[in-house]
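[1] Sequence below, structure please.
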Amino acid sequence: MNIQFGTARDSFDNIRKVESKLRKINGPEKAFSVLSGDFFPYSDFENDTWTGYCTALNRLKRFARKIEPLIRAADVFIVSAFHQCTKPKTACAEFSKSYKDIMGKLRNARRDVGMFQHHDGITGTSLPFVVSDYEERLTNAYRQRSVSCSRRDL
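    Presented below is the predicted three-dimensional model:
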């Protein structure tokens, strides 16, 4: 094994050299292997498959990152709308009635995203049926945010 100190540029230059050599050997399309999508690299017994660690569930992780700011925006919007309804001379009776329902849906959406953020969800060490539950919860969180922001009575 050879170890050499260098800069980030040295590392990238070295990667380019290796890539160039691999392209000459394997052809222009096959320098480095490429993996895309989710994968399940670990199976312990009887076909019980566990997801990977940092590289697994990338689709769900991206989905969670997109949902979180949407839930936050819905929270801010609903609270701002409620605040406007507390001012005198505003006609917000319908909104006031549905405020608790909307806030409950947003709370459930935050909980569903939080469930995925649990260490087994984010690292990908959950069993497949648990991963399916995480996906369902994230989809539910997205829908709750959508329902909350698209209410006609706002």
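[2] so residue 105 makes contact with residue 144?
    Yes. Counting by Cβ atoms under 8 Å, residue 105 touches residue 144, with 4.3 Å between them. For the C-beta atoms, the positions are set from N, CA and C on the backbone; glycine is no exception.
[3] Next, residue 11: secondary structure please.
    Here residue 11 is recorded as helix under DSSP: H, G, I helix; E, B strand; the rest coil.
[4] Now find how far off-centre the strand or helix carrying residue 72 is within its chain.
    For residue 72, the element it lies in under DSSP states H and E is helix 58-85. On the basis of Cα atoms, centre = their mean, to the nearest Å, helix 58-85 is displaced by 13 Å from the centre of the chain it belongs to.
[5] And the helices in this structure?
    Assigned helices in the chain, in chain order: 8-26, 58-85, 93-116, 119-123, 128-149 (criterion: DSSP state H).
[6] and these, which one is worst for confidence?
    Note on the helices of the chain: lowest mean pLDDT is at helix 119-123, with a mean of 66.
[7] Give me the residue at the spatial middle of the chain.
    Closest to where the C-alpha atoms of the chain average out (Cα atoms, centre = their mean) is residue 64, at 2.4 Å.
[8] who are the neighbours in contact with it?
    By Cβ atoms under 8 Å, 6 or more residues apart in numbering, the contact set of residue 64 is 113, 116-117, 138.
[9] do residue 78 as well
    99, 102-103, 106, 148.
[10] now those residues: which count as buried?
    Neighbour-count burial (16 or more other Cβ atoms under 10 Å) applied to the contacts of residue 78 gives 99, 102-103, 106, 148.
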